[in-house]
Structures are given as structure tokens and as C-alpha cells.
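>>> pasted the sequence and its predicted model underneath.
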Amino acid sequence: METKQAAIIAAAILILLGVLVFGAAFFMGGASVYAPPLPEEGVVPVDVPFSANGQEYVQVKYMVQGQYSDPLLSGAFFSNMPSKTNFKKSPPPDQTGYEGFVPYSLAEEEGQKVLTASVPNAYDATYVRLYAFVNGHDYWSDEFVIYP
């Protein structure tokens, strides 16, 4: 009988320790969210909605990292089909196959310069890629799909 009670007590202690360890790890780890480092140069999406929610235009927000001339050549390229271009080679805009372009407007959020582009909600699915010409190089974001 005593060995059964000892086993129950040992199991309870192990369960309690497990709960404490996992609880501490959860609360300590939950406070930090992994954020990849910002590139020295390039386009960093800030807010690209999944849906236009029936609006005529969709506001996409992004930042541009690096030294660039003023005025900055930047904005959002869009089309009704995804681009078939290899963007790893940083092509110039005229080689991407996108149908439309909207330039950025500048805003400031929490002390950061944030660029905003108003992409028309013109297709069943709008494929959008953010662009900036920085320090003599063409930089592109990943492609995003926005639904009406």
C-alpha cells in the first residue's frame, strides 16, 4: 500500500513540475514574437490586406529600407494574373508583366515613414507586388493576392 501511495505522490510531483516548467516557458516565450531582421535595402510590407471588403480601393502599407534619392521611385504594381517573372533577379518594372502601377503617398506611423499605395479593387483577384528603386537597384516584395 505504501508503494502505491509513494508512486501516486511521485506522479503528482512530476505532473506539477511539468505544469510549472511548461507554464513558465509559455509565459516567458509568449512575450516575444520572432521578427526577422529588416534588410539593409529593400521593400518591407507593413500591411497588405487579404480582402478589399467591397471597397473601391485597397490601402497597402510598406517601408523602404536603404539610401534612396528624393523623389523615391516606388509604388505598387498590380494585375489580374500573377507575374511569371523570376523576381530573384530583381527585374526592372517593364519586364514583370504587371498591368497597372500606383505611386505611393507618404505617411508617418509611430515615428516611422510608411508608404501607402491605393490599389484599385478591379479584379476577382488582384495580384500586387510592392516596388522601390533604391541605390541603383530594383527591389520587390513577395506577391500578394487581394480578393474583393
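Nice, I can see it. These figures come from a predicted structure and were not determined experimentally.

>>> break down the protein into its helices, ranges please.
2-30 (DSSP state H).

>>> can you list the low-confidence ranges for this protein?
1, 6-7, 10-12, 14, 16-38 (pLDDT under 70).

>>> roughly how far apart are the spatially most central residue of it and Val64?
The centroid of the chain falls nearest to Pro45 when counting by CA atoms, centre = their mean (4.7 Å). Using CB to CB, to the nearest Å, Pro45 is found at 11 Å from Val64. From N, CA and C alone the C-beta is placed, and that goes for glycine too.

>>> and for the residue nearest to Asp138 when sequence neighbours are not counted, the neighbour number?
In this structure, Asp138 finds its nearest non-sequential neighbour in Ser90, 4.7 Å apart by CB to CB, 6 or more residues apart in numbering. Ser90: 11 surrounding residues under other CB atoms under 10 Å.

>>> from Val134, how far off is Ser90?
Using CB to CB, Ser90 is found at 11 Å from Val134.

>>> also Ile15?
From Ile15 to Val134 the distance is 55 Å (CB to CB).

>>> between these two, which one's more packed in?
Applying other CB under 10 Å to Ile15 and Val134 shows that Val134 carries more neighbours, namely 21 against 10.

>>> that one reaches Gln67, doesn't it?
Yes. Using CB atoms under 8 Å, Val134 is in contact with Gln67, at 7.1 Å.

>>> mutual contacts of those two, please.
Glu41 (CB atoms under 8 Å, 6 or more residues apart in numbering).

>>> ok, what's across the strand from the nearest residue to Pro82 once chain neighbours are set aside?
In this structure, Pro82 finds its nearest non-sequential neighbour in Tyr127, 4.9 Å apart by CB to CB, 6+ apart. For Tyr127, the beta-bridge partners under DSSP bridges are Ser79, Val145.

>>> need the contact list for Tyr127.
Contacts of Tyr127 by CB under 8 Å, 6+ apart are Phe78, Ser79, Asn80, Met81, Pro82, Ser83, Tyr98, Glu143, Phe144, Val145.

>>> by neighbours, which of those residues wins?
Most surrounded of the contacts of Tyr127: other CB under 10 Å gives Phe78, at 24 neighbours.

>>> all good on my end, thank you.
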